[in-house]
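> have a look at this prediction, sequence included:
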Amino acid sequence: GENVEQHPSTLSVQEGDSAVIKCTYSDSASNYFPWYKQELGKRPQLIIDIRSNVGEKKDQRIAVTLNKTAKHFSLHITETQPEDSAVYFCAASKDSSYKLIFGSGTRLLVRP
Amino acid sequence: KAGVTQTPRYLIKTRGQQVTLSCSPISGHRSVSWYQQTPGQGLQFLFEYFSETQRNKGNFPGRFSGRQFSNSRSEMNVSTLELGDSALYLCASSLGLAGGDYEQYFGPGTRLTVT
């Protein structure tokens, strides 16, 4: 069935370091991969997304890479700041559906 | 543009009761999806509505149902509540067009507690 695995479950980095979160999806028909940031008590916020016809997308300190052959995609955050501390979720869906299959989340802690 | 709104924000119910949650999407968005978020199961898809029709359904029992109105506002209903239904219920709004923009924007959620 459809499944998205996300690693690591927790990640602690020093301010200024980079953070990488990885996800693997099972449905080869998936072609849309968003990343959401959820701060404590807040709603998930879309921070970046990528479609399967693109291998990499960057937005300031955030980038996402996609390897369709291996069916995995990653979130890269450079020059991390304490306000980056949150839970990050990856997700996958396909053209025929707006159903998002979410990973289990990564709790990122950026130490000042 | 105003964001996605959900009402009520908090709800406490007793086992066996039923509950109705409401979601108003971003103006112009025609698709509303519902998700359940729990510490144990994470974010799980419930169903998606577009132009008053359910397009997709997740793996939840029939006690969970929904509908969408002509103004794109959506409601979800849970009947015969169980303790395990305690969760944050999130709705997400999107344009809903096939082959188009798939971005989904979440509302603040309704925190449901079943006692």
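Looks like it arrived, so ask away. Numbering: from 1, shown residues only, chains lettered A, B, ... in the order given.

> which residues of chain B lie near chain A?
B:31, B:33, B:35, B:42-45, B:48, B:50, B:55-56, B:58, B:90, B:92, B:94, B:96, B:98-99, B:102-109 (Cβ under 8 Å from any Cβ of the partner chain). Where you see a C-beta, it was placed from the backbone N, CA and C, and this is true even at glycine.

> can you say which of these are buried?
B:31, B:33, B:35, B:42-45, B:48, B:50, B:55-56, B:58, B:90, B:92, B:94, B:96, B:102, B:104-109 (16 or more other Cβ atoms under 10 Å in any protein chain shown).

> these in helices, which ones?
Judged by DSSP state H, helices contain none of these.

> can you tell me which of those residues are in strands?
Using DSSP state E, the members of these that fall within strands are B:31, B:33, B:35, B:42-45, B:48, B:50, B:55-56, B:90, B:92, B:94, B:105-106.

> who is the closest residue in space to residue B:105 that isn't next to it in sequence paired with across the strands?
Leaving aside its chain neighbours, residue B:105 sits nearest to residue B:93 (5.2 Å; criterion: Cβ to Cβ, 6 or more residues apart in numbering or on different chains). Beta bridges link residue B:93 to residue B:32, residue B:105, judged by DSSP bridges.

> so residue B:79 makes contact with residue B:15?
No - using Cβ atoms under 8 Å, residue B:79 is not in contact with residue B:15, being 11.8 Å away.

> higher neighbour count, those two?
Neighbours per residue, other Cβ atoms under 10 Å in any protein chain shown: of residue B:79 and residue B:15, the larger number sits with residue B:79, 14 against 11.

> next, the contact list for that one, please.
By Cβ atoms under 8 Å, 6 or more residues apart in numbering or on different chains, residue B:79 lies in contact with B:18, B:63, B:65.

> nearest to residue B:84, of those?
Nearest to residue B:84 among those, counting by Cβ to Cβ, is residue B:63 at 10.9 Å.

> any idea how far chain A is from that closest one?
20 Å (Cβ to the nearest Cβ, to the nearest Å).

> the strands in chain A, which residues?
Using DSSP E, strands in chain A cover A:4-7, A:10-14, A:19-25, A:32-38, A:45-51, A:56-59, A:62-67, A:72-77, A:86-92, A:101-102, A:106-111.

> identify whichever of those strands lies nearest to residue B:11.
Closest approach to residue B:11 among those (Cβ to Cβ): strand A:32-38, 20.4 Å.

> from the chain's centre, how far out does the closest one sit?
5 Å (Cα atoms, centre = their mean, to the nearest Å).

> sweet, I'm off.
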